[in-house]
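S.K.: Sequence and predicted structure below; questions after.
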Amino acid sequence: MTTSLVTVPAQSLLDRIQCRKSKIGIIGLGYVGLPLALLFAEEGFPVLGFDIDEKKVQTLDKGESYIYRVPKTEIQLARSRGFKATGDYALVSEMDAIVICVPTPLDEHRQPDLSYVRSTVESIAPYLRSGQLVVLESTTYPGTTDELVVPIVEHLNRAECRVARNGGPQANSIFVAFSPEREDPGNDSVARRDVPKVVGGVDSVATELARELYAALFHRVVTVSTPVVAEMTKLLENIYRCVNIALVNELKLLCLRMGIDVWEVIDAAATKPFGFQPFYPGPGLGGRCIPIDPFYLSWKAQQWDFQMRFIELAGEINTAMPRHVVEAVGAALNNGNKPIKGSRVMVLGVSYKKDIDDLRESPALTIIELLRAQGAAVSYHDPFFPVLDKGRKYNLQLWCSPLDNLGDYDCVLIVTDHSSYDYGEIVRQARLVLDTRNATRGINSPKVVRC
Ligand SMILES: NC(=O)c1ccc[n+]([C@@H]2O[C@H](COP(=O)([O-])OP(=O)(O)OC[C@H]3O[C@@H](n4cnc5c(N)ncnc54)[C@H](O)[C@@H]3O)[C@@H](O)[C@H]2O)c1
């Protein structure tokens, strides 16, 4: 750290981070916050998790987990190292670094809903004190840290601290930074520590403190000049995925018409050692990030009288995919002289991608709803979901059906290609298989329709 910039509180925080004594408060113990809290605990930091969901706090207090890929043994190990959870924001004053990992969804008009970030910052701001580091990790539009977080912190802070800015006074300062989360649920090919962490502070001391904090967890920390750059970096990454998935989804529609196997094409193209990265078509986008984050930017762009046409077009193509799947089911049933109405359809896999217990924005839910609207009797199977209850958009009220009578259905529809399924056996038992993921690759059967 450039010593001329360093105040006594900043140096003291830096020292505490370096000797793993700094107390870490993680706000929002969901898919992002809980694993992060466990990682800090693993590195020997004292960690306190904050969540407004009392059930989560109680579950963690009992040493249990509510996330499939976080085993309870990890919670118990962290607890033995001092990890606790609470809903009491007053304890924020005891923390040295506070990391915010709360949701950033879209509202019913598909506009950014920053109410969770706002209410979190409003709740912690009164308790913040000089020399603390606050990092926002929630994905959001460029400008959130500067335009929303900083003003609330300064307005509501009881100790009248200011947020440290380059060239500004350093005394009585709180340090604020943005650092995007880059988790890829279900992807075990890269260790979490090997995923470089991007950080951008409001001032250079905040950047340096955040860099030091994350260097304890990640092998590489990439510092950028401002929080806005860090915020935009995360959006670029997700927009890149969203647009490329839309491209292959559209290509698939053309290939289906032309009788070309799009998956074979992608695999062949992927042999190119430079300039090409494979993306795969599917039944539609799902998950917390890719269907949502790009719209944070297109919303912000309007403020600059600018239209993000790539994002809008990709959104249009990706959103239409569940309808395409339902049309394909209708056409395949029609070939066997059956209408959708009254047909028994078994949907295999409902999580938004394989091998994870996450239903958020899953296209399977839209597909089930659309099939039901056309009169199909829909059942489902998913090893991660014994029941499909009321969600944010749908109230499906379905219970997981067994896999042992697939021959009783008019059609088996593979929406999510979980690894635990025996696709050869599924094709053997079923009368008709619609495959949205190329899960049946290598199986040559007239019963299989790829869509
Ligand atoms: N899930 C992912 O794979 C992923 C990947 C990259 C980035 N992100 C981003 O990380 C952020 C968090 O996502 P997530 O998937 O962990 O969400 P989540 O819904 O799983 O967890 C959020 C947690 O925050 C809690 N919470 C809400 N308001 C709160 C408040 N005021 N105080 C304390 N706790 C509060 C909720 O109870 C919940 O436990 C989002 O911005 C998301 O876009 C998520």
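M.R.: Right, received. Where do you want to start? Numbers count the residues shown, from 1 in each chain.
S.K.: ok, how many other residues are close to the residue in the chain that the ligand sits nearest to?
M.R.: As assessed by CB to the nearest ligand atom, the ligand sits closest to residue 30 within the chain, at 1.7 Å. Every residue, glycine included, has its C-beta placed from N, CA and C. A count of neighbours around residue 30, defined by other CB atoms under 10 Å, yields 16.
S.K.: ditto for residue 370
M.R.: 18.
S.K.: tell me the pLDDT at residue 4?
M.R.: We have a pLDDT of 48 for residue 4.
S.K.: Next: the one 4 residues further on.
M.R.: Residue 8 carries a pLDDT score of 75 in this model.
S.K.: Quick check: it vs residue 130, distance?
M.R.: Distance from residue 8 to residue 130, counting by CB to CB, to the nearest Å: 10 Å.
S.K.: what do you get for residue 284?
M.R.: Residue 284 is 49 Å from residue 130, by CB to CB.
S.K.: again with residue 104
M.R.: For residue 104, the distance to residue 130 - CB to CB - is 28 Å.
S.K.: So which residues of the stretch 151-300 of the chain form strands?
M.R.: With DSSP state E, counting those that start in this stretch as the criterion, the stretch 151-300 of the chain has strands at 162-163, 173-178, 197-201, 221-223.
S.K.: Residue 153 contacts residue 163, doesn't it?
M.R.: Yes - using CB atoms under 8 Å, residue 153 is in contact with residue 163, at 5.8 Å.
S.K.: from the middle of its chain, how far away would the helix or strand where residue 135 lies be?
M.R.: Assigned by DSSP states H and E, residue 135 belongs to strand 133-136. Relative to the centre of its chain, strand 133-136 is centred 20 Å away, using CA atoms, centre = their mean, to the nearest Å.
S.K.: And stretch 396-407, by the same measure?
M.R.: The answer for stretch 396-407 is 28 Å, by CA atoms, centre = their mean.
S.K.: ditto for stretch 254-267
M.R.: 29 Å.
S.K.: swap in stretch 276-291?
M.R.: For stretch 276-291 - counting by CA atoms, centre = their mean - the centre lies 12 Å from the chain centre.
S.K.: sorry, back to before: residue 284 and residue 130: who's more crowded?
M.R.: In this view residue 284 and residue 130 are compared by other CB under 10 Å, and residue 284 has more residues nearby, 27 against 20.
S.K.: That one against residue 315, yeah?
M.R.: No - between residue 284 and residue 315 there is no contact under CB under 8 Å: 11.1 Å.
S.K.: and the protein, which residues reach the ligand?
M.R.: Within the chain, the positions near the ligand by CB under 6 Å from any ligand atom are 27-33, 50-53, 56, 101-104, 116, 119-120, 123, 137-139, 181, 183, 185, 288-289.
S.K.: rerun at 5 Å
M.R.: Proximity of the chain to the ligand (CB under 5 Å from any ligand atom) is limited to residues 27-28, 30-32, 51-53, 101-104, 116, 119-120, 138-139, 181, 183, 185, 288.
S.K.: helix or strand for the residue of the chain closest to the ligand, which one?
M.R.: Applying DSSP H and E, one finds residue 30 in no helix or strand.
S.K.: Ignoring the adjacent residues along the chain, who's closest to it?
M.R.: Counting by CB to CB, 6 or more residues apart in numbering, residue 30 lies nearest to residue 101, which is 6.7 Å off, once chain neighbours are set aside.
S.K.: measure residue 28 to residue 49 for me?
M.R.: 9 Å.
S.K.: for the residue nearest to residue 270 when sequence neighbours are not counted, what are its contacts?
M.R.: Leaving aside its sequence neighbours, residue 270 sits nearest to residue 278 (CB to CB, 6+ apart; 4.1 Å). Residues near residue 278 by CB atoms under 8 Å, 6 or more residues apart in numbering: 266, 267, 269, 270.
S.K.: residue farthest from the centroid of this protein?
M.R.: Distance from the centre of the chain peaks at residue 337, with 41.5 Å (CA atoms, centre = their mean).
S.K.: Quick one: classify that one as helix, strand or coil.
M.R.: Here residue 337 is recorded as coil under DSSP: H, G, I helix; E, B strand; the rest coil.
S.K.: And for residue 126?
M.R.: Strictly by three-state DSSP, residue 126 counts as helix.
S.K.: Verify the stated contact: it with residue 156.
M.R.: Yes - the criterion here is CB under 8 Å, and residue 126 meets it with residue 156 at 5.5 Å.
S.K.: who does the strand holding residue 135 pair up with?
M.R.: strand 97-100 (parallel), strand 173-178 (parallel) (DSSP bridges).
S.K.: Out of those, flag the one nearest residue 241.
M.R.: strand 173-178 (20.2 Å; CB to CB).
S.K.: between residue 284 and residue 315, what contacts are shared?
M.R.: Shared contacts of residue 284 and residue 315 (CB under 8 Å, 6+ apart): none.
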